[in-house]
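A.B. asks: Provided below for reference: sequence and predicted model.
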Amino acid sequence: MRYCVAATLLVLALLFGLPWLTAEAPEVPGGEDPEEPPVSVDGDVVLKVWDGSAVQEMTVAEYLPGMVRGEMPASFEIEALKAQAVAERTYLYYKLETGGKANHPDADVCMSPDCCTAYSSAEQSAERWGDKAEEYEQRIQTAVQETDGLVMLYNDEPILAAFHSSSDGITANSGDVWVKDLPYLTSVASPETGDTVPNYYSVKTLTAQEFQETFTKAYPQAQFSDDPQQWITGAVHNDSARVETVNIGGITVEGTEVRTIFGLRSASFTTEADAESVTFRVTGFGHGVGMSQYGANELARQGKTWKEILEWYYTGVSIETYRP
Ligand SMILES: [Zn+2]
């Protein structure tokens, strides 16, 4: 038998040349099992994905890179990208287990940028990345593949892995922003600063008239005096430096709602008014719950691993291989 194999190899070598033999010749049998191909958990899980016109089947291994491409700058530290990949995978399974999108009842997830997610295909991203495309795609793939199948669990269930762009030194409790406090979405320190985050500080100025009209659309019963400096009073800040409530035109509104009404980048803001205008000064970007992406990048720069980054932002979670 060995003679036959050797004879075949010799014939093939003569046919195709010796370089083939030296490059491809099997090792001498020594009782060792041939190496098993690596098993990808992500490659095993099939999703029904709404692409904007139809439902198509994709594995998690195919779908997840599109989420990471779309949600985090590929120039970020690789440990931050891995943390993002695990957060996205966790969010995906959380969504699958708590019910899909109501607007696509036949699909598990949606990759249409028109309605649901920031999914970005390899082609779209390559165009955006230009001459960095090859390097960045490799980083995205590495982030997904090196965290294959790993998910954050709390009480053995995938968590609501919320994330945001940047915080004002501290993240928000989920109950400060949404209706419910979740034990793993609690306020923690976050190390990003204006030195590392673009547009960390933003300013929005409205004329007094614009301010009044915008607020009155949401609250028609608001009463505005002649002096804009009297319009905004009694701001109360919560433990995470964001505006909890503030009184505008005689109405008490939540800071998160002020953010929505005026299109502010976050609920961490101060206001100033003069006779002509109202100015918001805002720090950070996003709802502030869960992982801060710029904070994750900063922690990675400081030498933290993706696991340490996730354990930093998601209190008390365990990180395990998970199959839905
Ligand atoms: Zn959609």
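C.D. replies: Yes, it's here.

A.B. asks: quick one: the nearest residue to residue 216 once chain neighbours are set aside and residue 265, what's the gap?
C.D. replies: Leaving aside its sequence neighbours, residue 216 sits nearest to residue 222 (C-beta to C-beta, 6 or more residues apart in numbering; 5.6 Å). Bear in mind the C-beta positions are built from the backbone N, C-alpha and C, glycine included. In this structure, residue 222 and residue 265 are 23 Å apart, going by C-beta to C-beta, to the nearest Å.

A.B. asks: over to residue 250?
C.D. replies: Remark: distance between residue 250 and residue 265 (C-beta to C-beta) = 26 Å.

A.B. asks: quick one, which of these two is more surrounded?
C.D. replies: residue 265 (20 against 13; other C-beta atoms under 10 Å).

A.B. asks: can you report how many residues neighbour residue 131?
C.D. replies: 6.

A.B. asks: tell me the pLDDT at it?
C.D. replies: pLDDT, residue 131: 97.

A.B. asks: the helix or strand harbouring residue 80: what's the following helix or strand?
C.D. replies: Under the criterion of DSSP states H and E, residue 80 resides in helix 78-98. Per DSSP H and E, the first helix or strand lying C-terminal to helix 78-98 is strand 109-110.

A.B. asks: after that following strand, next one along is what?
C.D. replies: Downstream of strand 109-110, the first helix or strand assigned by DSSP H and E is helix 122-129.

A.B. asks: packing partners of that next one?
C.D. replies: Helices and strands touching helix 122-129, by 3 or more C-beta pairs under 8 Å, 6 or more residues apart in numbering; DSSP states H and E, are helix 60-71, helix 133-145.

A.B. asks: for the first one, which outside residues touch it?
C.D. replies: Right, the one you point to is helix 60-71. For helix 60-71, contacts defined as C-beta atoms under 8 Å, 6 or more residues apart in numbering pick out 40-43, 45, 47, 49, 81, 84-85, 88-89, 92, 109, 111, 113, 117-122, 124-125, 140-141, 143-145, 148, 163, 293.

A.B. asks: can you pull out the helices in the chain?
C.D. replies: In the chain, helices defined by DSSP state H lie at 2-16, 18-24, 41-44, 60-71, 78-98, 122-129, 133-145, 174-177, 208-218, 255-262, 293-301, 306-313, listed in chain order.

A.B. asks: so how far is residue 188 from residue 177?
C.D. replies: Between residue 177 and residue 188 the computed distance is 14 Å (C-beta to C-beta).

A.B. asks: perfect, that will be all.
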